[in-house]
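here is my input; please provide its structure:
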Amino acid sequence: MQPTFVLVHGAFANSFSFAPLQAELGLLGHRSVAVDLPGHGFAATYPRAYQAPQDLEGLATAPGAIKGVTLADNAAHLIAVLERAKRNGPVVLVSHSRGGMTATVAANQRPDLIDRIVYVSAWCPVDLDISAYYAEPEMATVDVAGVASAMVGNPAELGLLRSNFRTADPGVLAAFKAAFLADGTEDEFMVFLNTFQPDENLDVGTPDDRARAETWGRIPRTYIRLTEDTSVPLAMQDRMIREGDALTPENPYDVRTLTSSHLHWLVDPAPTARVLSELAALPPVGS
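All right, here's what the predicted structure looks like:
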């Protein structure tokens, strides 16, 4: 039976960014479902202060619907989608960036719903919590300050992270492009930037949300490395692969590589669609 690909977005993103990839998968004969995690997509908040002319003082205090959303909420939402998808046959769970955290928690809780889990330059914590990885040498090249310069308001007071993606500051825009889509055109970058939503939830999980050998570790898994990614550098991607393999050496990652920045694989989705189509044809581990 043909699998259903369930696609999970990263931070400040939503299901809309998967539309070109879904079109390519559909043309290859595959079903896919792009998930909007709680507080994302049409459930997101776009304050009037975010519109032009912007009111940055108002934006810094306007409430957002994603306040209070937790990683557990994200996982519960994803599991509900996986339960429905599984009724139609095999499921391949594909996550990107911060979406890997949600995918990992779902895999810890319900491995029976996932026939293969795919991380596309996505976070899969094994040895450390996410915040701790950012202090590691593999993340030393990441321009955290440049991206953070667009943050608005006090996260502790807002109960969420808020970024002004509609800024016209050339320095901030250059930092965004370098971090997300350095290998794209200026027009492609601006189009993608305008699909982002301003708010993201604060919860990045606990040690209990790291990959577990007895559940997550028994699912066939693939890691798609993005060689030009400066947000999750290749060195960190490779570290997560090594840590996962060390956790369950009897079930190592199937590793694939694409030449892409953090987002270009979604702008030019045909190569990714071909890789996913190949994964759909793989036999189960141990067969």
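
from the chain's centroid, how far away is the longest helix seen in the chain?
Using DSSP state H to define each element, the chain has its longest helix at helix 71-86. How far helix 71-86 lies from its chain's middle: 15 Å, per Cα atoms, centre = their mean, to the nearest Å.

the helix or strand that comes right after that helix vs helix 71-86, what angle?
Scanning forward in sequence from helix 71-86 by DSSP states H and E, the next helix or strand is strand 91-96. In terms of direction (axes from the mean of the first three to the mean of the last three Cα atoms, to 10 degrees), strand 91-96 departs from helix 71-86 by 140 degrees.

what lies in contact with strand 91-96?
3-10, 13, 82, 85, 102-103, 106-107, 113-122, 266, 276, 279-280 (Cβ atoms under 8 Å, 6 or more residues apart in numbering). Yep, even glycine has a C-beta here, placed from its N, CA and C like the rest.

the closest residue in space to residue 9 that isn't next to it in sequence and residue 52, how far apart?
Spatially, and ignoring its direct neighbours in sequence, residue 9 is nearest to residue 99 (5.3 Å; Cβ to Cβ, 6 or more residues apart in numbering). Residue 99 sits 30 Å away from residue 52, going by Cβ to Cβ, to the nearest Å.

repeat for residue 18
27 Å.

ok, now residue 96?
29 Å.

among those two, which residue is more densely surrounded?
With neighbours defined as other Cβ atoms under 10 Å, residue 96 and residue 52 compare such that residue 96 has more, 29 against 7.

list the contacts of the residue nearest to residue 9.
Applying Cβ under 8 Å, 6+ apart, we find residue 99 in contact with 8-10, 13, 37, 122.

lowest average confidence, helix or strand, in this protein?
The helix or strand of the chain with the poorest confidence is helix 144-148; it has a mean of 90 (mean pLDDT, DSSP states H and E).

now for it, which elements pack on it?
Helix 144-148 makes packing contacts with helix 170-180 when contacts are defined by 3 or more Cβ pairs under 8 Å, 6 or more residues apart in numbering; DSSP states H and E.

list the buried ones in stretch 268-275?
268-269, 271-273, 275 (16 or more other Cβ atoms under 10 Å).

please apply the same query to stretch 111-119.
111, 113-119.

quick revisit: just the ones of the contacts of strand 91-96 in helices?
Counting by DSSP H, the contacts of strand 91-96 contribute 82, 85, 102-103, 106-107, 266, 276, 279-280 to helices.

this completes my enquiry, with thanks.
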